[in-house]
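S.K.: Would you be able to build a 3D model of this:
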Amino acid sequence: MQYNNSVSSFVRRAGAVAAFGAMLAVAPTAFADTTQDGYRLTVSGYVPVVCRANLDTMVAPSGGNQVDLGTLHEFCNSANGYKVTVDHSPELAGATLMIDGNAVRLSDAGSTVISGASQPGIAAHKVSLVTENGQANGTLSIRVTAL
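M.R.: Numbering: from 1, shown residues only. Now for the predicted structure:
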């Protein structure tokens, strides 16, 4: 008796699997759009915004009142772009950062935008600090802000 119940249960399961398989085999043709010759596949995902900047510091006097600070590497994948800001101590207010040969005067407020882009980007810039007396006393901190 128990043997028949097991066989009966097996036959019912096999029948259900076969019916499901038949339904899957018929489903693409039953639901296919006959006005198009292909299928559409949509893939979507999420990419986090990552922005960073670092200064490979090799501080070395380059003569006179200029001090080489190294290379600024910046990266940001924000679709709207980014800006790079240097925050500096009050002792450096009025000094000048030379970024790839372009002079940027450090503001009295303690923060100065030194670089940026209106789209994602990767860049490297040579940076040096020019002070009146050639002494680089103070601190610099670099940050990137996504727009």
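S.K.: Wait, a helix at E91?
M.R.: Yes. With DSSP: H, G, I helix; E, B strand; the rest coil as the criterion, E91 is located in a helix.
S.K.: Which stretches in the chain count as strands?
M.R.: 51-63, 66-76, 82-88, 96-99, 102-105, 111-117, 121-130, 140-146 (DSSP state E).
S.K.: Direction included, what does the fourth one pair up with?
M.R.: Taking DSSP bridges as the criterion, strand 96-99 sits next to strand 102-105 (antiparallel), strand 121-130 (antiparallel) in its sheet.
S.K.: Nearest to H73 among these would be which one?
M.R.: strand 121-130 (5.2 Å; CB to CB). (C-beta placed from N, C-alpha, C; glycine too.)
S.K.: Could you give me the buried positions within stretch 54-74?
M.R.: 55, 65-70, 72, 74 (16 or more other CB atoms under 10 Å).
S.K.: In the chain, where is pLDDT below threshold?
M.R.: Flagging of the chain using pLDDT under 70 yields the residue ranges 1-36, 58-63, 133-136.
S.K.: hmm, back to that, which members of the buried residues of stretch 54-74 are the farthest-apart pair?
M.R.: N65 and E74 (25.9 Å).
S.K.: sorry, back to before: of the strands of the chain, which is nearest T42?
M.R.: strand 140-146 (27.0 Å).
S.K.: got the angle for that closest one vs strand 82-88?
M.R.: 160 degrees (axes from the mean of the first three to the mean of the last three CA atoms, to 10 degrees).
S.K.: which helices and strands does strand 140-146 pack with?
M.R.: For strand 140-146, the packing partners by 3 or more CB pairs under 8 Å, 6 or more residues apart in numbering; DSSP states H and E come out as strand 51-63, strand 66-76, strand 82-88.
S.K.: could these be laid out in CSV, adding distance to S115?
M.R.: CSV is the format used below for these (distance: least, CB to CB, whole Å):
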stretch, distance to S115
strand 51-63, 8
strand 66-76, 6
strand 82-88, 4
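S.K.: Go through these and name the closest to R40.
M.R.: strand 66-76 (33.2 Å).
S.K.: what lines up beside that closest one in the sheet?
M.R.: strand 51-63 (antiparallel), strand 121-130 (antiparallel).
S.K.: With distance to A146 added, can I get the ones you listed in TSV?
M.R.: Output for the strands paired with strand 66-76, formatted as TSV (distance: least, CB to CB, whole Å):
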stretch	distance to A146
strand 51-63	5
strand 121-130	11
